[in-house]
Each structure stands twice: as structure tokens, then as C-alpha cells.
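K.L.:
could you work out the structure for the sequence below:
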Amino acid sequence: MSTSTRSARLGLRATPQQEAVLRRAAEIAHKSMTDFILDSACQVAERTLLDQRLFLVTESQSQALLDMLDRPTQDNAGLKELFSRTAPWEN
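P.N.:
Next up, the predicted model:
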């Protein structure tokens, strides 16, 4: 993370115990407090955003999804072509 691209300012308050734990962890990680806190917070934020498994829908939306899943499959030329390609990471 480059400090020259940072433009947003975030503020937070911590107990002395929290500060001590964060400062020690940052030292062990050989990072500044700012880098340690931002890296840690971003990792947790990304996991939280990626871990969205609960979707709340109305009964009619739920039924529409179930109806779509119950439909017979249809040929899709675009998907066939896509899946016939070699994956970029296999080149």
C-alpha cells in the first residue's frame, strides 16, 4: 500500500490496552501502526463482504427462483464456446 495515494482520513479511539496490543502486533509485523491497522481492517472487511451467504427475498422472488431452477436446460452457444476455451492460467 503506497502512502502517496492515501487521501482519506480515518479516525478512531482505542483503550490503552487495545493500543498496546495493536502497537506490539505492528512491531512484530514490521509495519507502522497505520499500515497494520489498515491492512488488518481491510482483510476483515473483504472477508465480511465476500461472506454474504444470506439473501433475504420475498416469497414471490423465492418462488420465481425455484421455478427458474426447475426449468429444463437450454443450449447456450455462448457458454459452450466460453467453456471450450483454455483457461488463462493454464497458458
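K.L.:
what's the span of stretch 70-79, first residue to last?
P.N.:
Across its full length, stretch 70-79 reaches 19 Å between end residues, using CA to CA, to the nearest Å.
K.L.:
what's the local residue count around Ala87?
P.N.:
Using other CB atoms under 10 Å, Ala87 has 7 neighbouring residues. Quick note: C-beta positions are derived from backbone N, CA and C, even for glycine.
K.L.:
now do the phi/psi pair for it.
P.N.:
phi -60, psi 140 (degrees, to the nearest 10).
K.L.:
not counting stretch 62-73 itself, show me its contacts.
P.N.:
Identification of contacts with stretch 62-73 by CB atoms under 8 Å, 6 or more residues apart in numbering yields Val57.
K.L.:
quick check: mean pLDDT of that stretch?
P.N.:
The pLDDT scores in stretch 62-73 average 94.
K.L.:
from now on call the first residue 733
P.N.:
OK, 733 is where the count begins now, so the last one is stretch 794-805.
K.L.:
go through the chain and flag its longest helix.
P.N.:
In the chain, with assignment by DSSP state H, the single longest helix is helix 765-782.
K.L.:
which residues are contacting it?
P.N.:
In contact with helix 765-782 (CB under 8 Å, 6+ apart) are residues 733, 744, 754-755, 757-758, 761, 763.
K.L.:
buried subset of those?
P.N.:
The neighbour count (16 or more other CB atoms under 10 Å) marks 758, 763 as buried among these.
K.L.:
which ones are touching the closest residue to Ala746 other than its chain neighbours?
P.N.:
Distances taken as CB to CB, 6 or more residues apart in numbering put Leu754 closest to Ala746, at 7.0 Å, once the chain neighbours are dropped. By CB under 8 Å, 6+ apart, the contact list for Leu754 reads 746, 765, 768-769.
K.L.:
next, count neighbours for Thr805.
P.N.:
Neighbour count for Thr805, taken as other CB under 10 Å: 5.
K.L.:
likewise for the one 5 residues further on?
P.N.:
Taking other CB under 10 Å as the neighbour definition, Gly810 ends up with a count of 7.
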